[in-house]
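Trainee: Sequence below, structure please.
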Amino acid sequence: MKITIVGGGNIGTIFAVHCAEKEHEVTVFTSDPGVYDNRLNIVDENGNSIHEGIIKQVTNEPAVAFKDADMIIVTYPAMMMEKIAEEIYANAGKNAMIGVVPGSGGSECAFRKCIERGNVFFGFERVPAIARLVIKGKTVQSKGYKSELHIASIPSSAADKCCLLMQEIFDIPCKAIPNYLNITLTPSNPILHTTRLCTIFKDYHNGVIYPSLPLFYEEWDDPSSELLLSCDDEEQRICRALPEFQLSHVVALREYYESPTAQAMTKKISSINAFKGLTTPCVKVDEGFIPDLHSRYFTADFSYGLTIIQQIAAIAGIDTPNIDNMMEWYRNIAVEKNEFRLSDYNINNIDDMRALYLI
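Mentor: Take a look at the predicted model:
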């Protein structure tokens, strides 16, 4: 297949290597093609090469990247989806399959014109592996692959085909999810990151400076876990209020991490090897640190993550006081005011949701 990977960062490089390793013709679409080698590799934690692939080309020209693509995999953050969706719509054919990694963040709305003209659209529940660039355009380190991949598609009938393709590329079992709303409501970063940020920076306002900050995961604490579990429970109430959408695949974080109590959750998250060493998003100032309000942990996970869960709750008629308080806290400190709104895509009620997700 001719496969175009949109984005040359951590996850984009992982996808490019695996697709090329399986002898697909790979193009990488990125803003800085000059830093790329045609030979890319993935290394383990000890620096040993575990996967390698030779890509066909790297480009920043949409016409070159998308015109003849059989499949397009988008790894951009949620706030960039609208623009890349327009470029793909203008340059790709209607038979191109379009995938998003991860699939949450409202990407199905951004790509709605592509869906309506006949493009198969699919999304991953979570990324296949935790990855960190070693040398941009050349090497990425993987800290562990998922034991199983989960994918949903629009139309839902295409999910099995998408799963077979990704299973062949990654050599990881892949399970089809009944419909895309399961992906939209996946409580990964939109709850995991936001609850931690709210706990660490709960007293932040302009002028507050922190002399030091904890590691984001490795020094996770019980207050973060308590808020996480409260928001997790609220999301499960949303899922139970929408039975026709078969949302049993929106796995509660307490189940995903096998941690029913706050203390168990703290122990689990702080001990995950792949999370170790990751710092809290911050900016160094003379007297200490302030939150990095331009970090994707803020701009994506609140504005294109938690807010979508909140809006779906409103449509379903479910009260979410913890999620509401978190969104209010974020809006009071946000420096980037763009925020995803379902109403901008004519999704205002259950019937509108059925028209998009139950096809």
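
Trainee: Can you tell me what sits against stretch 156-175?
Mentor: 1, 18-19, 22, 24, 71, 97, 99, 120, 122, 124, 128, 145-153, 176-180, 358-359 (Cβ atoms under 8 Å, 6 or more residues apart in numbering). For the C-beta atoms, the positions are set from N, CA and C on the backbone; glycine is no exception.

Trainee: residue contacts, the residue positioned nearest the centre of the chain?
Mentor: Centroid check for the chain by Cα atoms, centre = their mean gives Pro102 as the closest residue, at 3.4 Å. Each residue near Pro102 by Cβ under 8 Å, 6+ apart is listed here: Gly123, Phe124, Glu125, Arg126, Val127, Ile183, Thr186, Ser188, Asn189.

Trainee: Just the buried ones from the contacts of stretch 156-175?
Mentor: In the contacts of stretch 156-175, burial by neighbour count holds for 18-19, 22, 24, 71, 97, 99, 120, 122, 124, 128, 145-146, 149-153, 176-180, 358, counting by 16 or more other Cβ atoms under 10 Å.

Trainee: Pop the domain breakdown of the chain in here.
Mentor: 2-182, 185-357 (automatic domain parsing).

Trainee: Return the most buried member of those domains.
Mentor: domain 2-182 (a mean of 19; mean count of other Cβ atoms under 10 Å).

Trainee: what's the first-to-last distance across that one?
Mentor: Using Cα to Cα, to the nearest Å, one end of domain 2-182 lies 28 Å from the other.

Trainee: quick one: secondary structure of Asp344?
Mentor: Under DSSP: H, G, I helix; E, B strand; the rest coil, the three-state class of Asp344 is helix.

Trainee: Could you measure from the residue lying closest to it once chain neighbours are set aside over to Phe122?
Mentor: Using Cβ to Cβ, 6 or more residues apart in numbering and skipping residues adjacent in sequence, the residue nearest Asp344 is Cys109, 7.8 Å away. Cys109 sits at a distance of 15 Å from Phe122 (criterion: Cβ to Cβ, to the nearest Å).

Trainee: what's the answer for Lys161, then?
Mentor: 9 Å.

Trainee: Next, show the common contact partners of these two.
Mentor: With Cβ under 8 Å, 6+ apart, Lys161 and Phe122 have no common neighbours.

Trainee: for the longest helix seen in the chain, packing partners?
Mentor: Once the chain is assigned using DSSP state H, the helix that runs over the most residues is helix 222-240. The criterion is 3 or more Cβ pairs under 8 Å, 6 or more residues apart in numbering; DSSP states H and E, and the helices and strands that helix 222-240 contacts are helix 189-200, helix 253-256, helix 262-271, helix 307-316, helix 321-333.

Trainee: quick one, what contacts Ile272?
Mentor: With Cβ under 8 Å, 6+ apart, Ile272 has these contacts: Tyr217.

Trainee: Ok, Asn338 next?
Mentor: Met79, Thr299, Ser303.

Trainee: Adding secondary structure, pLDDT and distance to Val208, write these out as CSV.
Mentor: Compiled in CSV, these are given as follows (DSSP: H, G, I helix; E, B strand; the rest coil; pLDDT from 0 to 100; distance: Cβ to Cβ, whole Å):
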residue, secondary structure, pLDDT, distance to Val208
Met79, helix, 88, 26
Thr299, helix, 94, 20
Ser303, helix, 95, 22
